[in-house]
Structures are given as structure tokens and as C-alpha cells.
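Student: Below are the sequence and a predicted model; questions follow.
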Amino acid sequence: QKEVEQDPGPLSVPEGAIVSLNCTYSNSAFQYFMWYRQYSRKGPELLMYTYSSGNKEDGRFTAQVDKSSKYISLFIRDSQPSDSATYLCAMSEWSQGAQKLVFGQGTRLTINP
Amino acid sequence: GAGVSQSPSNKVTEKGKDVELRCDPISGHTALYWYRQSLGQGLEFLIYFQGNSAPDKSGLPSDRFSAERTGGSVSTLTIQRTQQEDSAVYLCASTPIGGAGNTIYFGEGSWLTVV
């Protein structure tokens, strides 16, 4: 079993829909929870970052962490065609002096105009 | 530079040849990471540097893979006797010492194709 599980999709929704992306994890030592967005043939860019359980909102994006269930989510409201990308969840723990990131497989999302 | 710089951006090589991939981290970032991303897959950790030393190289898939970092800056990932399964995007990231998860920045990657 992988440390981080993420449904690879693909996921296709109409413009304006609410998108829900999810990951589960097994390692209780994970402290930081991130969502990265990756456009085709580009490097991942940090989208959302949370430390504790609860919700964090940034514009149209909301990140949710439930440590008791080992489950994290990313919600995108009023989705736009420009949101079409691969979304990677990532979790980290301190290991030998630095953050060690463990990634999910990524969910490929398409927003249809 | 302003961001993490990687070269070459694209590399096509013949099976059995050696390749070198270069990463130039953000100035002042002491920690440097290499990840590999195969087609349609998530990122697989390869190795991590703190300064010039590599306290965690647990992700290197075989002894054909090696990496070094000099001057606490530029890092080179070397793959010897390349195989077709080595075809992937090799991503480099850097962060300041003790940086939290929100300070890790990735380069655009080196896209390696072994034919």
C-alpha cells in the first residue's frame, strides 16, 4: 500500500462546477499537507499549504485536512478552463533535517467551457 | 536566478549511454531535492542534499544512479548505462534550511527519453 493514495482520474467537469479532489494517507507522522498544480510539461507549483486539521481558503480554492481520518481534500469553486491541469497532493515530515515530500499520483482535471 | 533552473530541458539518448542532468537551485537555498515523474505518475523521491552532503539517498532506484552537489549550489544527477525504463521527467526542488513545506520550489524538469 502506498503512503499516499490519490485517484488519478481523469476528471472532466463543466465550467462553473465545484470540483472536489481527495487524498488519503497512512503515515501519522505527516505534518504538512500541500496541493500542487502542474500544467502540461511544466514543474509543479504550490497551490495550497496547510499544517493543522481544518479548512484553509484562498480565493476559489479551499483545502481541508482531517488528520483523524487521514484524509485531505481540495475544493475548487466556480471552476474555469484555466484550472485544467494535474493536481498533486503532497505530504511531508521532517527527515534528517529537511522536509521530505511524499506525493500522490495526481488527478488530471479538465474543465470544459 | 529567480527560480530553480534545470538543464537540459529535453534529452533524447540511446539505451546504454550515460546522461547528466543539472540543477541550479534558488540562491541561498541549502536543501536540494531530486524527484522522478514517470508518465501519468506522481513524483518519486530520489535523493536529498543538505549543503553538499546527501543524508537521504534512499530513493535512488539502482547503482546506475548517482548525484553530487558542489559548493552548496549546483547539483548533477548522473544516470549510467541508461535503460528505457529511465525515461521520465527528472524534477529538482530547493528550499532554505529548516524551510517548511510551503518553501519548496520546483524547476521545470528535465524530460529524458531513452530510445
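Tutor: Now that the structure is in, tell me what you want to look at.

Student: Run a quick neighbour tally on residue 55.
Tutor: Let's take chain A. Neighbour count for A:N55, taken as other CB atoms under 10 Å in any protein chain shown: 11. In short, each C-beta sits where N, CA and C put it, glycine included.

Student: actually it's chain B I care about, not the one you picked
Tutor: Neighbour count for B:P55, taken as other CB under 10 Å: 15.

Student: How far off centre is the helix or strand encompassing it?
Tutor: Following DSSP states H and E, one finds B:P55 within strand B:53-56. What separates the centre of strand B:53-56 from the centre of its chain is 13 Å, taken as CA atoms, centre = their mean, to the nearest Å.

Student: can I have that strand written out in PDB, keeping just the CAs?
Tutor: Extracted in PDB, the C-alpha atoms of strand B:53-56 (Å, rounded to 0.1, in the frame of the first residue of the first chain):
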ATOM      1  CA  SER B  53      26.100  16.100   1.700                       C
ATOM      2  CA  ALA B  54      23.200  13.700   1.000                       C
ATOM      3  CA  PRO B  55      21.700  12.400   4.200                       C
ATOM      4  CA  ASP B  56      18.900  10.700   2.400                       C
END
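
Student: Would you mark the buried spots in that strand?
Tutor: For strand B:53-56, the neighbour count (16 or more other CB atoms under 10 Å in any protein chain shown) marks B:A54, B:D56 as buried.

Student: That strand near chain A anywhere?
Tutor: Yes: residues of strand B:53-56 are located near chain A by CB under 8 Å from any CB of the partner chain, namely B:P55, B:D56.

Student: Quickly run through the sheet partners of that strand, with directions.
Tutor: strand B:43-50 (antiparallel) (DSSP bridges).

Student: can you list contacts of the strand it pairs with?
Tutor: Contact with strand B:43-50 is made by A:44, A:88, A:90, A:95-98, A:100-103, B:30-38, B:54-61, B:65, B:67, B:69, B:75, B:77, B:90-91, B:97, as judged by CB atoms under 8 Å, 6 or more residues apart in numbering or on different chains.

Student: Just the ones of those residues in strands?
Tutor: Among the contacts of strand B:43-50, DSSP state E puts A:88, A:90, A:95, A:98, A:100-103, B:31-37, B:54-56, B:65, B:67, B:69, B:75, B:77, B:90-91 in strands.

Student: Get me the contact residues on chain B for chain A.
Tutor: Within chain B, the residues that sit near chain A (CB under 8 Å from any CB) are B:4, B:31, B:33, B:35, B:40-45, B:48, B:50, B:55-56, B:91, B:93, B:95, B:97-102, B:104-109, B:111.

Student: hang on, A:S28 packs against A:K70?
Tutor: Yes: using CB atoms under 8 Å, A:S28 is in contact with A:K70, at 7.5 Å.

Student: Those two: who's more crowded?
Tutor: The neighbour comparison of A:S28 against A:K70 (other CB under 10 Å) goes to A:K70, with 17 against 9.

Student: which residue packs closest to the most centrally placed residue in chain B, ignoring adjacent ones?
Tutor: Nearest residue to the geometric centre of chain B (CA atoms, centre = their mean): B:W34, 3.3 Å. What sits nearest to B:W34 in space, not counting adjacent residues and going by CB to CB, 6 or more residues apart in numbering or on different chains, is B:L46, at 4.2 Å.

Student: on that earlier part again, give me the buried entries from the residues of chain B next to chain A.
Tutor: Of the residues of chain B next to chain A, these count as buried by 16+ other CB under 10 Å: B:4, B:31, B:33, B:35, B:42-45, B:48, B:50, B:56, B:91, B:93, B:95, B:99, B:101-102, B:104-109, B:111.
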